[in-house]
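Asks: Pasting a predicted model and its sequence here:
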Amino acid sequence: MRPIDLHTHSTCSDGSFSVKELIDYAHEKGLAAIALTDHDTVAGLDEAISYTAEKYPDMEFVPGIEYSTVEEGKDVHIVGLYINHNDDAYKKKLQEFKDSRINRNIKMCKKLSEEAGIPITFEELTQRNPGAVITRAHYAKLIVEKGFAKSNQEVFDRLIGDHCPYFVPREKITPEQAIEHILQAGGVPILAHPILYRMSDERLDALVKRLKAAGLMGLEAIYSTYETREERDMKALAGKYDLLVSGGSDFHGTNKKDIDLGTGRGKLFVPEELLPPIKVAAGK
């Protein structure tokens, strides 16, 4: 049985591999299927679909996205798989979300420049990362290059982490809104890496129950950083609420050096048998 990877990123958001490089690497790693799930953008999907069909007919490409949402002050991510990303209504809503992120980035650049004395502009960020959705990882890389911090982690810890002085929160989109967007595009909404939210068992259970009622269809129960017990617990939680099991590495290339495509930190294995039920849920 070949592995699959249903959670990856390219240079269209905060990964270091271009779309074609990512697809080439997925085939080199022997994946049966790969999903591209860039943050809040579908910019790389058309290229990935055509490139995979042309070069690797033995590997399936799954069009996806990862929404950044907010739940009681915490980041909660919703992955959408098999989305119809060219649907006009869907593209319009996604553009509205993108516009709010641009306004937030302009404000954050101004705070860093005027209050922290770090000369950084949104224009500079976009020029250095053409076509990408600008995330805080792009800020960190540029600030380190300019010599105002020694590492990306220092940038987050001291400057632009959630509770730092130069952080500007984005316009809030709820997990329910992301689920609605994905469903309207014919996709399968998946709660990404729930262990990372550091919620109590009771709070996470309540969140999953609530999102299931809103249309959540799956849970990322297999993930790069999970311990064996955590994976077992997430599979049990998915079973409790009759949710599909999904899994992925959350590959970002060199931007997350310890996580490799398909294998995560070395022990990750997402079996291809998980994909058919997700396809059925998407009507494929």
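Replies: On my side now, so go ahead. Just so we're clear, the structure is a prediction, and the values are computed from it rather than from any experiment.

Asks: So which residues of this protein form strands?
Replies: Assigned by DSSP state E, the strands in the chain fall at 4-5, 33-36, 60-71, 74-81, 188-191, 218-223, 244-248.

Asks: Between strand 244-248 and the longest one, find me the angle.
Replies: Counting by axes from the mean of the first three to the mean of the last three Cα atoms, to 10 degrees, strand 60-71 points 100 degrees away from the direction of strand 244-248.

Asks: Reformat the strands of the chain into a markdown table and put distance to residue 161 next to each item.
Replies: For the C-beta atoms, the positions are set from N, CA and C on the backbone; glycine is no exception. As requested, the strands of the chain are exported to a markdown table (distance: least, Cβ to Cβ, whole Å):
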| stretch | distance to residue 161 |
| --- | --- |
| strand 4-5 | 28 |
| strand 33-36 | 27 |
| strand 60-71 | 15 |
| strand 74-81 | 11 |
| strand 188-191 | 23 |
| strand 218-223 | 22 |
| strand 244-248 | 25 |
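
Asks: closest one to residue 158 among those strands?
Replies: With Cβ to Cβ as the measure, strand 74-81 is the member of these nearest residue 158 (19.0 Å).

Asks: How far away from the center of its chain is that closest one?
Replies: For strand 74-81, the distance from its own C-alpha centre to the chain's C-alpha centre is 7 Å (Cα atoms, centre = their mean, to the nearest Å).

Asks: any idea of the pLDDT on residue 99?
Replies: Looking at residue 99, its pLDDT reads 82.

Asks: That one: how many residues sit nearby?
Replies: Residue 99: 11 surrounding residues under other Cβ atoms under 10 Å.

Asks: so how far is residue 180 from it?
Replies: Here residue 99 is placed at a distance of 18 Å from residue 180 (Cβ to Cβ, to the nearest Å).

Asks: how many neighbours does residue 52 have?
Replies: Around residue 52 there are 24 residues (other Cβ under 10 Å).

Asks: I figured it hits residue 61, correct?
Replies: Yes: with contact defined as Cβ atoms under 8 Å, residue 52 counts as touching residue 61 (4.0 Å).

Asks: which residues do the two both contact?
Replies: Common neighbours of residue 52 and residue 61 (criterion: Cβ atoms under 8 Å, 6 or more residues apart in numbering): 23, 34.

Asks: what are the ranges of the helices in the stretch 151-284 of the chain?
Replies: 152-155, 175-184, 201-214, 228-240, 275-281 (DSSP state H, counting those that start in this stretch).

Asks: hey, which of those helices is tucked in deepest?
Replies: Of all these, helix 175-184 has the most neighbours on average by mean count of other Cβ atoms under 10 Å, namely a mean of 20.

Asks: Quick check: which helices or strands does it pack against?
Replies: strand 60-71, strand 74-81, helix 88-115, strand 188-191, helix 201-214 (3 or more Cβ pairs under 8 Å, 6 or more residues apart in numbering; DSSP states H and E).

Asks: separation between the closest residue to residue 194 other than its chain neighbours and residue 195?
Replies: Leaving aside its chain neighbours, residue 194 sits nearest to residue 204 (5.9 Å; criterion: Cβ to Cβ, 6 or more residues apart in numbering). Counting by Cβ to Cβ, the separation of residue 204 from residue 195 is 9 Å.

Asks: so what's the nearest residue to residue 184 once chain neighbours are set aside up against?
Replies: Nearest residue to residue 184, sequence neighbours excluded (Cβ to Cβ, 6+ apart): residue 90, at 6.1 Å. Residues in contact with residue 90 (Cβ under 8 Å, 6+ apart) are 83, 84, 181, 184, 185.

Asks: Quick check: residue 133 touching residue 40?
Replies: Yes: using Cβ under 8 Å, residue 133 makes contact with residue 40 at a distance of 5.4 Å.
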